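> My questions concern the predicted model and sequence given below.
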Amino acid sequence: MKLATLRTDGTTRAVRLDGDVLVDLGVPDVGALLAEEGWAERAAAATGVRYPVEGADFAPLVPAPSKVVCVGLNYRNHIQEMGRDLPEHPTLFAKFADSLIGAGDDIVRPDETAEFDWEVELAVVVGAPARRARGAEAEAAIAGFTVLNDITCRDWQFRTREWLQGKTWDSTTPVGPFLVTPDELPGGVRPSLDVRLLVDGEVMQSDSTGDLLFDPVDLVEYVSTVVRLNPGDIIATGTPGGVGHARRPERYLVGGETVVTEIEGIGRLENRVVKEKSA
């Protein structure tokens, strides 16, 4: 299945993709759906109001997750371009829900940064409570996958050894448009998918999720050891090589660009970078 959160008539609705239409699932968003026991069966059986896919206005896939956990340095080529050693454990940081935007929304570039960068990422969407999950339990906790662009203010990220301040700026992180369940993807809960990011039509990043050091199941196991995972939580699995910060000369988003972030079999984000309006 492919699920999304649609904006319509001043509210949001969880929907299932069915050909060229979106079928209303009777709940306000994908996060609310995943919180229900038996969500997959309910979503598959729904026959609610139908909306056209063409022109759909997608909200963030999960508008208010209890947590967004992100993984840094998880592709070999990105680790090498950033001049670091391969990690023994996942490098974790967080985002807040206020940073999330929809698949077609504008990315707001804050005035305070001069180093606004892109990062295509496969994101895990949690579909069941998990705490110290291992093996089959960790696999079962994965509802599916989506696309995330971990937009980063590099100058703020590297002010200190902790990355949070560069990673969670308001209205900068598109996520969606669809949650795709593992049964629809090659590799299932460990999918091997092509990922790409383009800026104004120029390919900046191109790789495969098969190159991940720590795969989605590894990450569910690791993160759920530290903190409980709730339905609707998101784990961004890291970005491959090709980020602007590692280019010579460095290259950043200044405003006006169109950024396309896409993952094979899951979907595509297309976002315009706009400068933040003065208060």
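Thanks, I have it. These figures come from a predicted structure and were not determined experimentally.
> could you pull out the helices for this structure?
Assigned by DSSP state H, the chain shows helices spanning 30-34, 39-45, 76-81, 136-140, 154-157, 164-167, 216-226.
> Quick one: closest of the ones you listed to Val125.
Closest to Val125 of those is helix 30-34 (C-beta to C-beta; 7.4 Å). No exception for glycine: its C-beta is placed from N, CA and C like everyone else's.
> hey, least reliable of the helices of the chain by pLDDT?
Ranked by mean pLDDT, the helices of the chain bottom out at helix 76-81, with a mean of 79.
> other SSEs contacting that helix?
Using 3 or more C-beta pairs under 8 Å, 6 or more residues apart in numbering; DSSP states H and E, no helix or strand is in contact with helix 76-81.
> can you list the residues that contact that helix?
Helix 76-81 is contacted from outside by 73, 85-87, 207, 211, 213, 238-243, 246, using C-beta atoms under 8 Å, 6 or more residues apart in numbering.
> where does the stretch 51-200 of the chain have low pLDDT?
Within the stretch 51-200 of the chain, no range satisfies pLDDT under 70.
> repeat that with 90
Applying pLDDT under 90 to the stretch 51-200 of the chain picks out residues 73, 75-87.
> re earlier: looking at the contacts of helix 76-81, state which has the most neighbours.
With neighbours defined as other C-beta atoms under 10 Å, the most crowded of those is Thr239; it has 28 neighbours.
> mind listing what that residue touches?
74-75, 78, 119-121, 150, 205 are the contacts of Thr239 under C-beta under 8 Å, 6+ apart.
> Please report how far it lies from Thr8.
32 Å (C-beta to C-beta, to the nearest Å).
> what sits against the residue lying closest to Val203 once chain neighbours are set aside?
The spatially closest residue to Val203, leaving aside those adjacent along the chain, is Arg196, at 6.2 Å (C-beta to C-beta, 6 or more residues apart in numbering). For Arg196, the contacting residues are 120, 203, 205-206, 260-263, by C-beta under 8 Å, 6+ apart.
> Sort out for me which of those residues are in strands.
Judged by DSSP state E, strands contain the following of these: 120, 203, 205-206, 260-263.
> Asp194 touches Ser206, doesn't it?
Yes - between Asp194 and Ser206 there is a contact at 7.3 Å, judged by C-beta atoms under 8 Å.
> which stretches of the stretch 1-150 of the chain form strands?
Using DSSP state E, counting those that start in this stretch, the strands found in the stretch 1-150 of the chain span residues 2-8, 11-18, 21-24, 50-52, 57-58, 68-72, 91-95, 100-101, 107-109, 116-117, 120-126, 142-149.
> Report the backbone C-alpha coordinates of stretch 256-272 in CSV.
Only the C-alpha atoms of stretch 256-272 are listed here, as CSV (Å, rounded to 0.1, in the frame of the first residue of the first chain):
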residue,chain,number,x,y,z
GLY,A,256,15.1,30.3,-5.8
GLU,A,257,16.2,26.8,-6.5
THR,A,258,14.0,23.8,-7.1
VAL,A,259,15.1,20.7,-5.2
VAL,A,260,13.8,17.3,-6.2
THR,A,261,14.4,14.4,-3.8
GLU,A,262,13.3,10.9,-5.0
ILE,A,263,13.6,7.3,-4.1
GLU,A,264,12.7,4.4,-6.4
GLY,A,265,9.4,2.8,-5.7
ILE,A,266,8.5,5.3,-2.9
GLY,A,267,8.0,8.8,-4.4
ARG,A,268,9.3,12.3,-5.1
LEU,A,269,9.5,15.5,-3.2
GLU,A,270,9.7,18.7,-5.2
ASN,A,271,10.3,21.9,-3.2
ARG,A,272,11.2,25.5,-4.0
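> quick check: mean pLDDT across that stretch?
Per-residue pLDDT over stretch 256-272 has a mean of 98.
> tell me which residues of it are tucked away?
257, 259-263, 266-267, 269, 271 (16 or more other C-beta atoms under 10 Å).
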